[in-house]
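Participant: need coordinates for the following:
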Amino acid sequence: MAKRANTIFVCQECGAQAPKWVGRCEECGAWNTLVEDRPRETSAPVSTAGHRYALAAATSAARLYDEIALEHHARLPTGIGELDRVLGGGVVPGSLVLLGGEPGIGKSTLLLQAAANMARTIGPVLYSSGEESEHQIKSRGERLAVGSAPLYLLAETCLERILEEIARTRPALVIVDSVQTVFSLKLQSAPGSIGQVREAATQLLFAAKGRNVPVFLVGHVTKDGSLAGPKALEHVVDAVLYFEGERHHAHRVVRAVKNRFGAVSELGVFEMTSTGLMPVPNPSKLFLAERPENAPGSAVLCAMEGSRPILVEVQALVSTSTYGNARRMANGIDPQRLALLLAVLEKRAGLNLAGDDVFVNVAGGLTIDEPASDLGVLAAIASSVRGRPIAQATAMCGEVGLAGEVRGIAQAGPRIREASQMGFTRCVLPDANIDPAERRALAGQCELVGVRTLAEALEEVLA
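Facilitator: So this is what the prediction gives:
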């Protein structure tokens, strides 16, 4: 198909224009930044009224801060407690939420469950799918026991047609699965291209704000796990959620990396069953369910995910290298962080690991990226090297510096209380986080052991 003569490509970094798409901008040298657009007619008078990029409810003049009345809108519960936690307490009317994840991880299943719950309790819901037919969605809905909820199904990829159905049905919630399959008649590029994805997200944003209806977008991810399409797509939406999990594990994790209406890094844990995704109210119990007893190289650390403390098991295996070059492999923690911690362990604790292979794994497939996990990782490695198991009822948390000091961490109180509730009778943590009042409150339940250096911590856990 011949491209229209009035189509240009604009670089999103420097604003340079090109008559056709190229991979590298000739002006600034940036890669994959050219987006399809159409030039504005300069002969016509400039007016924002009725423009496709003009907000429906936008004011025409600037207003003073004190003159603007503050409006409070009640959040809409999805009927799924873990999803509401990640969203900050529920869905905000007029918000645009982007949910991304690996193929087959359960994005469509989770949103169909939320759509059915909200259709029964709040009002009609429009579920638009560009990847499945109505019959396929209905088949999955029967397994999830959707029932007779006022749920409208639409198998459509045309953006204008979706917007027409939103205007006709006036739903309380809109779900578009997925944004990479939607195309606009205003652009000639293929669905999933940068121009089409940005156009679809922008128009759905205006529909959400203008009609005060929440919209969920499902996004594809690339090979490295990031959301496909331009990074600006994440700037357009109000919240970005990532659906994580291993195919060989039954549990799934929804993590918020951006949320204009709630806390970021909040975590929701689900378990995949034959009847759909079931919320897990106690993730610590799930991640510690298969922990071996008295096994060297196993340690329990308490991590914070948003406002929730979670106890997880970190396992380490140290073996003599047979290939000359020692390997360092990490699953669930940053490999660069592991290399740094191994250098500290050799220099400050006197353990020679130069000729050994080191393998570290966070059991259950969870990813831990906070510095407070350092002490648990190092304890597990030292336990494997020395062949001494860590006491079954001992939990730990703390950041380890390059000088071998154990530095204070944030939110130590919730971590200690979570460990005590899970039956741990001993908690090793930085001495700077020892609170006398907390120690008296937990007397007889959990012993708090404060440590200042890495060597002191290893003496406490491997004695």
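Participant: hey, let's count contacts and neighbours off CA atoms from now on
Facilitator: Noted.
Participant: give me the element the nearest residue to N117 once chain neighbours are set aside is part of.
Facilitator: Distance criterion C-alpha to C-alpha, 6 or more residues apart in numbering; nearest residue to N117, sequence neighbours excluded, is G79 at 5.6 Å. Mapping G79 onto the secondary structure by DSSP states H and E places it in no helix or strand at all.
Participant: where does the stretch 301-450 of the chain dip in pLDDT?
Facilitator: Judged against pLDDT under 70, the stretch 301-450 of the chain has no low-scoring part.
Participant: if we go to 80?
Facilitator: Residue ranges of the stretch 301-450 of the chain with pLDDT under 80: 322-324, 443.
Participant: just the helices in it please.
Facilitator: Using DSSP state H, counting those that start in this stretch, the helices found in the stretch 301-450 of the chain span residues 335-349, 374-386, 412-421, 436-441.
Participant: of all these, which one comes closest to S148?
Facilitator: helix 412-421 (40.8 Å; C-alpha to C-alpha).
Participant: re earlier: wait, the residue nearest to N117 sits on M118?
Facilitator: Yes. Counting by C-alpha atoms under 8 Å, G79 touches M118, with 6.9 Å between them.
Participant: comparing the two, which residue is more hemmed in?
Facilitator: Higher neighbour count among G79 and M118: M118, with 23 against 17, using other C-alpha atoms under 10 Å.
Participant: for V91, see how far away the more buried one is.
Facilitator: Look at M118 and V91: by C-alpha to C-alpha, to the nearest Å, they are 10 Å apart.
Participant: and what of C427?
Facilitator: With C-alpha to C-alpha as the criterion, C427 and V91 are 37 Å apart.
Participant: next, give phi and psi for the residue nearest to N117.
Facilitator: With angles defined as degrees, to the nearest 10, G79 sits at phi 80, psi 0.
Participant: point out the other helices and strands that the host helix or strand of Q203 packs with.
Facilitator: If you go by DSSP H and E, Q203 is part of helix 194-211. On a contact count with 3 or more C-alpha pairs under 8 Å, 6 or more residues apart in numbering; DSSP states H and E, helix 194-211 meets strand 34-37, strand 96-101, helix 159-169, strand 215-219, helix 232-236.
Participant: in the last one, what counts as buried?
Facilitator: Residues of helix 232-236 classed as buried under the neighbour-count rule (16 or more other C-alpha atoms under 10 Å) are L233, E234, V236.
Participant: does the first one touch A201 like I think?
Facilitator: Yes. Taking contacts as C-alpha under 8 Å, L233 lies within contact range of A201: 7.1 Å.
Participant: excluding chain neighbours, what is closest to G141?
Facilitator: Nearest one to G141, counting by C-alpha to C-alpha, 6+ apart, is L112 at 7.3 Å.
Participant: now do the one helix or strand the one you found maps to: everything it contacts.
Facilitator: For L112, the element it lies in under DSSP H and E is helix 107-121. Helix 107-121 is contacted by residues 77-80, 99-101, 124-125, 127, 140-141, 144, 146, 149-151, 172-173, 175, 177, 218, 243, 276-277 when judged by C-alpha atoms under 8 Å, 6 or more residues apart in numbering.
Participant: what residues of the biggest strand by length in the chain count as buried?
Facilitator: Counting residues, the longest strand found in the chain (DSSP state E) is strand 308-320. Buried residues in strand 308-320, defined by neighbour count with 16+ other C-alpha under 10 Å: R308, P309, I310, L311, V312, E313, V314, Q315, A316, L317, V318.
Participant: with stretch 110-125 instead?
Facilitator: Residues 110-120, 123-125 are the ones in stretch 110-125 that count as buried (16+ other C-alpha under 10 Å).
Participant: what's the answer for stretch 180-187, then?
Facilitator: Neighbour-count burial for stretch 180-187 [16+ other C-alpha under 10 Å]: Q180, T181, V182, F183, S184, L187.
Participant: right, and the first one touches G195 too?
Facilitator: In other words, Q180. No. Q180 lies out of contact with G195 (C-alpha under 8 Å); the separation is 10.6 Å.
Participant: got the angle between the helix holding L112 and strand 215-219?
Facilitator: 170 degrees (axes from the mean of the first three to the mean of the last three C-alpha atoms, to 10 degrees).
Participant: using PDB, list the CA coordinates for helix 107-121.
Facilitator: What follows is helix 107-121, C-alpha atoms only, in PDB (Å, rounded to 0.1, in the frame of the first residue of the first chain):
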ATOM      1  CA  LYS A 107      -2.600 -11.300  32.500                       C
ATOM      2  CA  SER A 108      -5.900 -11.900  30.700                       C
ATOM      3  CA  THR A 109      -7.100 -14.400  33.400                       C
ATOM      4  CA  LEU A 110      -6.500 -11.800  36.200                       C
ATOM      5  CA  LEU A 111      -8.200  -9.000  34.300                       C
ATOM      6  CA  LEU A 112     -11.200 -11.200  33.300                       C
ATOM      7  CA  GLN A 113     -11.700 -12.100  37.000                       C
ATOM      8  CA  ALA A 114     -11.500  -8.500  38.000                       C
ATOM      9  CA  ALA A 115     -13.900  -7.500  35.200                       C
ATOM     10  CA  ALA A 116     -16.500 -10.100  36.300                       C
ATOM     11  CA  ASN A 117     -16.300  -9.000  39.900                       C
ATOM     12  CA  MET A 118     -16.700  -5.300  39.000                       C
ATOM     13  CA  ALA A 119     -19.500  -6.000  36.600                       C
ATOM     14  CA  ARG A 120     -21.400  -7.700  39.400                       C
ATOM     15  CA  THR A 121     -20.800  -5.000  42.000                       C
END
